[in-house]
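K.L.:
just coords:
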Ligand code: TYM
């Protein structure tokens, strides 16, 4: 008999064109994890509404993101791929979890503080409640593992706290999820300001490599990447810019830091940057081509989304019924 595999859940927001940081920190690893876990990969569209979106753009980005998942190697035969808003249980469980969440624990979240600063004209309840919706995403599927980049660690902690709090207050219901954070590339930094993370919503386009960038753009952006006045190619915590490039190169070339340092001994930053750009382009450009092929077949993408929704909703409904029962909500029984 086939061994029951542990559940895994992860998601990306369709809030902009994904960058190589989203690929390195999340999607690339999802592909490798598909044979080990029962994987559920979502498009977190409800999360994006916490900052202002242009409705038509959001719809298009949702399609593009599912096309990207498939182009990167997420296989809908192996994994459940669906859009968060298509399964209403996510919003329903968020309400229940809200009743055991304290405003103070949400107000101290780094992302909430950053986004409140960056979107001062739109500090809304959803922005604050963001981690609770994320906890609902995970707990709804009883996911035991959650592969994410380092920036989501705090949110994962809240999901763990809420699972434990719920289990203690009511009865054992949720698995307490563990994060899978990659050893290299969990925190890819901006190419223009290596003190800050690379983000798809950065207003400076030179700060990130988008998954849509062509080879020339990738080379141009890496050439302009901010480094330091030394010239030794090495991973060194005191030199964030070059360390970031070494991490990126390590992920795309499969080489260790030691191998990279040896290979580029005596080589200047300029030459190294071109090598990094070439390694990135040789992975990203074919993915982009495949993505465009998927995008040209909207009917297929719709079919994948509908099938994914059905599979996800089946699991989610079962879990939500258990939650409703455990908190004491009455369910009438149909006798005839
Ligand atoms: P999002 O869309 O901001 O990012 C998607 C994934 O990319 C990772 N990531 C990074 N990894 C390395 N370096 C970076 N600079 C970097 N920036 C982003 C993120 O850690 C993430 O894994 N809230 C989530 C989406 C979400 C989710 C979930 C994730 C919604 N529900 C449930 C896991 C489980 C987010 O904003 O991702």
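P.N.:
On my side now, so go ahead. Predicted model, so just to flag it, every value in this text is computed and none were measured.
K.L.:
lowest confidence element among the helices and strands of the chain?
P.N.:
Sorting the helices and strands of the chain by mean pLDDT, DSSP states H and E puts helix 110-118 at the bottom, at a mean of 92.
K.L.:
quick check: residues of the stretch 51-200 of the chain near the ligand?
P.N.:
Counting by C-beta under 6 Å from any ligand atom, the residues of the stretch 51-200 of the chain close to the ligand are 134, 137-138, 146, 148-149, 151-152, 186-188, 197-198. (Glycine included, C-beta is placed from N, CA and C.)
K.L.:
quick one: which helix or strand includes residue 278?
P.N.:
In this structure, residue 278 sits in helix 269-295 according to DSSP states H and E.
K.L.:
quick check: next helix or strand after that helix?
P.N.:
helix 298-327.
K.L.:
is there contact, residue-wise, from that next one to the ligand?
P.N.:
No. Against the ligand, helix 298-327 shows no contacts by C-beta under 6 Å from any ligand atom, the least distance being 12.7 Å.
K.L.:
now do the buried residues in that helix.
P.N.:
Neighbour-count burial for helix 298-327 flags 300-301, 304-305, 308-309, 311-313, 315-316, 319-320, 323, 326 (criterion: 16 or more other C-beta atoms under 10 Å).
K.L.:
show me the domain layout of this structure.
P.N.:
With domains defined by automatic domain parsing, the chain comprises 7-181+297-327, 205-293.
K.L.:
for residue 192, which of those is the nearest?
P.N.:
With C-beta to C-beta as the criterion, residue 192 lies closest to domain 205-293 of the domains of the chain, at 4.2 Å.
K.L.:
name the SS class of residue 11, please.
P.N.:
Reduced to three states with DSSP: H, G, I helix; E, B strand; the rest coil, the structure at residue 11 is strand.
K.L.:
just the pLDDT at it, thanks.
P.N.:
On the pLDDT scale, residue 11 is placed at 98.
K.L.:
the next helix or strand after the least confident helix or strand of the chain packs against which elements?
P.N.:
Moving toward the C-terminus from helix 110-118, the next helix or strand (DSSP H and E) is helix 125-139. Judged by 3 or more C-beta pairs under 8 Å, 6 or more residues apart in numbering; DSSP states H and E, the packing partners of helix 125-139 are strand 7-12, helix 45-48, helix 89-98, helix 103-107, helix 110-118, helix 153-169.
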